[in-house]
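K.L.:
generate coordinates for the sequence data below:
(4 chains)
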Number of protein chains: 2
Amino acid sequence: MKLEKVTSESRRRYDDACGTAHGLELIGERWALLIVRELMLGPRRFGDLRASLPGLSANVLTQRLEGLEAAGVVVRRRLPPPASVQVYDLTDWGREAEPVISELGRWAARSPGHDPTLPLSPVSMMLSFRTMFDAGKAGDARMTLGFRFGEETFVVEVADGALTARRGDTNGADVVVASPPEAVAAVVYGGGPVDGLAIEGRRAVFERFADFFELPAKAG
Amino acid sequence: MKLEKVTSESRRRYDDACGTAHGLELIGERWALLIVRELMLGPRRFGDLRASLPGLSANVLTQRLEGLEAAGVVVRRRLPPPASVQVYDLTDWGREAEPVISELGRWAARSPGHDPTLPLSPVSMMLSFRTMFDAGKAGDARMTLGFRFGEETFVVEVADGALTARRGDTNGADVVVASPPEAVAAVVYGGGPVDGLAIEGRRAVFERFADFFELPAKAG
DNA sequence: CGGCATCCGGGAAGATACTG
DNA sequence: CAGTATCTTCCCGGATGCCG
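P.N.:
Down below sits the predicted model:
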């Protein structure tokens, strides 16, 4: 008779060889996947993560980063002097979790309970572009857009039926959008008018860009 | 000035318009995604789910099923007399969550910490076939396999570079495998010898089938 | 037995305050 | 700014019991 000692760790596992179950042990805890999401477009500092994830308290963020680091998903690095600040980044393998985030987001977007008016982080906005881009609608369009959300700037390029989104300087973009993510999402996904957005440069380019996306029909 | 009352519900939400965050509210609670996994190949009874998910207690299963039903992911049905038993099934939209499960499993299979010797449910085994099937390796192969795990039987067909797996009778299969999921996985993914498996019919067909799968390289 | 309610202990999540 | 310390609340998981 084998009396396995029930430790706090073993009770928290799923004891399941299924890869999905193991994945949940790695990034299935509350907030973990959203932290990974925020790191998907490059390293962030502790305070950046807190700011992007309101509702996540400092102690939980500390625990999650420790867990993700132990799992090999996240690495903690110290930038070289004179910066000398500590940042958190994804490992190569951690970055490969993007399809998990994308598929979950794509699926949940069809939920009747989805409220698109809630706050949206800049990184979420960019990742949603990657997820919801419709190559068929873009055809052979070619354009470069800049997005400025406070201090954070991003460059989105559409070319050869593909979309890339990354952090970067907005110089050289055909058009720069400087409205908050919620407002941009309302236009791109909600089909609202472009008038309310703060746009510099060729407004028509952004109007065309907004047609490359469409939210799928609600389920139920 | 708006003083939002902090209820137990609102504290549990993410308050994030990102689809991924909403997805986590729907199927991100502990055990929820594994329950969806177990329903992916057809309706199950309360006791079936408990048996497939050891470690999940009855009261938590009740809570999860309530939550998933409220979210529109699961429906509770009563089979017509004389069966008259209650079963839980996925909605059409719920069934569309399979890519989430697949991508998470595919990603986590590369984890250094993944232990493939743990117990594996029959449904997990079948879904892993769907996830890990390599059409390139299968070429134009054409075969029908049966799997029998106790009372549960499944049919897997390979044809036209695609694999289908569903519950069904094993009559008519080229080969029937009757070993437990863990043993089958050890052969298909671990590359172990086929000798130890309980196989009825054309053993060579299964041997070829086993070559259509390969676990990706470990990360790190 | 299937499904669900209830009670309890331990631990994780969350808010707040505090430290280097 | 980047975390720790502490405390409260709530969830998870086990056990028991009720009812059809």
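K.L.:
quick check: the gap between A:Met125 and A:Phe46.
P.N.:
Using CB to CB, to the nearest Å, A:Met125 is found at 22 Å from A:Phe46. C-beta coordinates here come from the backbone N, C-alpha and C atoms, glycine included.
K.L.:
same thing with A:Ala210?
P.N.:
Look at A:Ala210 and A:Phe46: by CB to CB, they are 35 Å apart.
K.L.:
kindly report the same for A:Pro80.
P.N.:
When CB to CB is the yardstick, A:Pro80 and A:Phe46 sit 18 Å from each other.
K.L.:
neighbours of the residue in chain A that DNA strand D sits nearest to, how many?
P.N.:
Among the residues of chain A, A:Gly47 lies nearest to DNA strand D; the distance is 2.7 Å by CB to the nearest atom of the strand. Counted by other CB atoms under 10 Å in any protein chain shown, the residues lying close to A:Gly47 total 11.
K.L.:
over to the one 5 residues further on?
P.N.:
By the measure other CB under 10 Å, the count of residues near A:Ser52 is 21.
K.L.:
flag the shaky bits of chain A, pLDDT-wise.
P.N.:
Under the criterion of pLDDT under 70, the regions of chain A flagged as low confidence span A:1-11, A:81-83.
K.L.:
swap in 90 and give it another go.
P.N.:
A:1-13, A:54-55, A:78-85, A:191-192, A:214-220 (pLDDT under 90).
K.L.:
ranges for the helices of it?
P.N.:
Assignment of helices within chain A using DSSP state H yields the ranges A:8-12, A:19-27, A:32-39, A:46-52, A:58-70, A:92-95, A:98-108, A:122-132, A:135-138, A:181-188, A:203-210.
K.L.:
buried residues of the fifth one, list them for me.
P.N.:
Of the residues in helix A:58-70, those scored as buried under the neighbour-count criterion (16 or more other CB atoms under 10 Å in any protein chain shown) are A:60-61, A:64-65, A:67-68.
K.L.:
with distance to DNA strand C added, can I get those residues in CSV?
P.N.:
Converted to CSV, the buried residues of helix A:58-70 look like this (distance: CB to the nearest atom of the strand, whole Å):
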residue, distance to DNA strand C
A:Val60, 5
A:Leu61, 9
A:Arg64, 7
A:Leu65, 12
A:Gly67, 9
A:Leu68, 12
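K.L.:
run a quick neighbour tally on A:Arg77.
P.N.:
A:Arg77 has 12 neighbouring residues, counting by other CB under 10 Å.
K.L.:
beta partners for it?
P.N.:
Going by DSSP bridges, A:Arg77 is paired in beta bridges with A:Val87.
K.L.:
who's in contact with it?
P.N.:
Counting by CB atoms under 8 Å, 6 or more residues apart in numbering or on different chains, A:Arg77 makes contact with A:43, A:86-89.
K.L.:
A:Leu90 and A:Gly72 touch, don't they?
P.N.:
No. Taking CB atoms under 8 Å as the contact criterion, A:Leu90 and A:Gly72 are not neighbours in contact, 10.2 Å apart.
K.L.:
before we move on, the earlier item: so between A:Met125 and A:Phe46, which is more surrounded?
P.N.:
Using other CB under 10 Å as the criterion, A:Met125 and A:Phe46 rank with A:Met125 on top: 22 against 16.
K.L.:
show me the contacts for that one.
P.N.:
A:147, A:149, A:181, A:184-185.
K.L.:
repeat that with 10 Å
P.N.:
By CB atoms under 10 Å, 6 or more residues apart in numbering or on different chains, the contact list for A:Met125 reads A:147, A:149, A:154, A:156, A:165, A:180-182, A:184-185, A:188, B:17-18.
K.L.:
that one and A:Glu214, how far apart?
P.N.:
As judged by CB to CB, A:Met125 and A:Glu214 stand 16 Å apart.
K.L.:
which residue comes closest to A:Tyr14 once chain neighbours are left out?
P.N.:
Distances taken as CB to CB, 6 or more residues apart in numbering or on different chains put A:Ala21 closest to A:Tyr14, at 4.2 Å, once the chain neighbours are dropped.
K.L.:
hang on, the one you found packs against B:Ile35?
P.N.:
No. Counting by CB atoms under 10 Å, no contact exists between A:Ala21 and B:Ile35, whose distance comes to 11.5 Å.
K.L.:
grab the nearest non-local neighbour of the residue nearest the centre of chain A.
P.N.:
The centre of chain A sits closest to A:Ser124, judged by CA atoms, centre = their mean, with a distance of 3.7 Å. Computed as CB to CB, 6+ apart, the closest residue to A:Ser124 that is not its neighbour in sequence is B:Cys18, at 3.9 Å.
K.L.:
pull out the buried residues from stretch A:84-104.
P.N.:
In terms of neighbour count (16+ other CB under 10 Å), stretch A:84-104 has its buried residues at A:87-88, A:90-91, A:93-94, A:96-104.
K.L.:
so is it next to DNA strand D?
P.N.:
Yes. Applying CB under 7 Å from any atom of the strand, one finds stretch A:84-104 in contact with DNA strand D at A:85-86.
K.L.:
about what we covered before: can you list residues touching both of A:Ala21 and B:Ile35?
P.N.:
The overlap between the contact sets of A:Ala21 and B:Ile35 (CB under 10 Å, 6+ apart) consists of B:Leu53.
K.L.:
how about A:Phe209, what does it touch?
P.N.:
For A:Phe209, the contacting residues are A:129, A:133, A:138, A:141, A:143, A:145, A:156, A:158, A:163, A:174-175, A:177, A:188, by CB under 10 Å, 6+ apart.
K.L.:
so how do I select the buried members of those in PyMOL?
P.N.:
Those of the contacts of A:Phe209 that meet the burial criterion (16+ other CB under 10 Å) are gathered into one PyMOL selection, given here:
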select buried, chain A and resi 129+133+138+141+143+145+156+158+163+174+175+177+188
